[in-house]
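1. Mind folding the following:
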Amino acid sequence: MLPHRECTPTMKRFLVGVTLAALFFSGTATGNSQTSTPAPANSPLPRLSVTATLLIGLPRRTVTVTDETGQTASYSGVDLGALLAKNGAPNGATLRGRAVADYVVVKAADGYRAVFALCELDPAFTAKIVLLADQRNGAAMGSDVGPFRIVIPDEKRHARWVRKVTELDVVTAP
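-> All right, here's what the predicted structure looks like:
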């Protein structure tokens, strides 16, 4: 056993700081015990394989844009936010609190991925158009970009215009 020593003010501040740091990093200081692990497999947030049946019953829209080749083209499909909302993603009044940090990962057949915050897909937050297109100039898209493609008319760069979309994964931010 160590001899008894009086705790100096400096030692007290140090001990309080270490205790607070331990509480903060364990998540108990804020009452938040959530760790940065991914959402469990039984999470209510959708993970969707993109097929033509997903688009059934959703309103269609058409946008005319200049694509990455500099050509003007009309793309038709469904609003990505509406598709996700129909399949269980938070939207409208339910898109608040912690759900504001949720996001969707758009995955392509070639492994390419792009991320969108759910807020930027919700008409209650923005007028931004993010289209999951299945037609270009009135015809099904060719295999070089389709059968599904993300089209975002107001973005200056086409980096998130994902070609050959295969999956949509809604994720809860840690």
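
2. Could I get the contacting residues of residue 125?
-> 95, 119 (CB atoms under 8 Å, 6 or more residues apart in numbering). Quick note: C-beta positions are derived from backbone N, CA and C, even for glycine.

3. what secondary structure does it sit in?
-> Here residue 125 takes the coil state, with states given by DSSP: H, G, I helix; E, B strand; the rest coil.

4. Show the backbone phi and psi for residue 54.
-> phi -60, psi -30 (degrees, to the nearest 10).

5. thought it was touching residue 82?
-> No: with contact defined as CB atoms under 8 Å, residue 54 does not count as touching residue 82 (10.9 Å).

6. And the contacts of the helix or strand hosting residue 167?
-> Using DSSP states H and E, residue 167 maps to strand 165-171. Residues from elsewhere that reach strand 165-171 (CB under 8 Å, 6+ apart): 38-39, 45-50, 80, 83-84, 88-89, 102-109, 118, 132, 148-150.

7. again, only using 6 Å
-> Strand 165-171 is contacted from outside by 45-50, 89, 103-109, 148, using CB atoms under 6 Å, 6 or more residues apart in numbering.

8. With respect to residue 75, which of those residues is nearest?
-> Residue 75 has its nearest neighbour among those in residue 148, at 10.7 Å by CB to CB.

9. quick one: contacts for the closest one?
-> Counting by CB under 6 Å, 6+ apart, residue 148 makes contact with 50, 132, 134, 165.

10. what's across from the residue nearest the centre of the chain in the sheet?
-> In the chain, the residue lying closest to the centroid (CA atoms, centre = their mean) is residue 103, at 1.8 Å. Beta bridges link residue 103 to residue 117, residue 171, judged by DSSP bridges.

11. For it, give me its contacts.
-> By CB under 6 Å, 6+ apart, the neighbours of residue 103 are 115, 117, 171.
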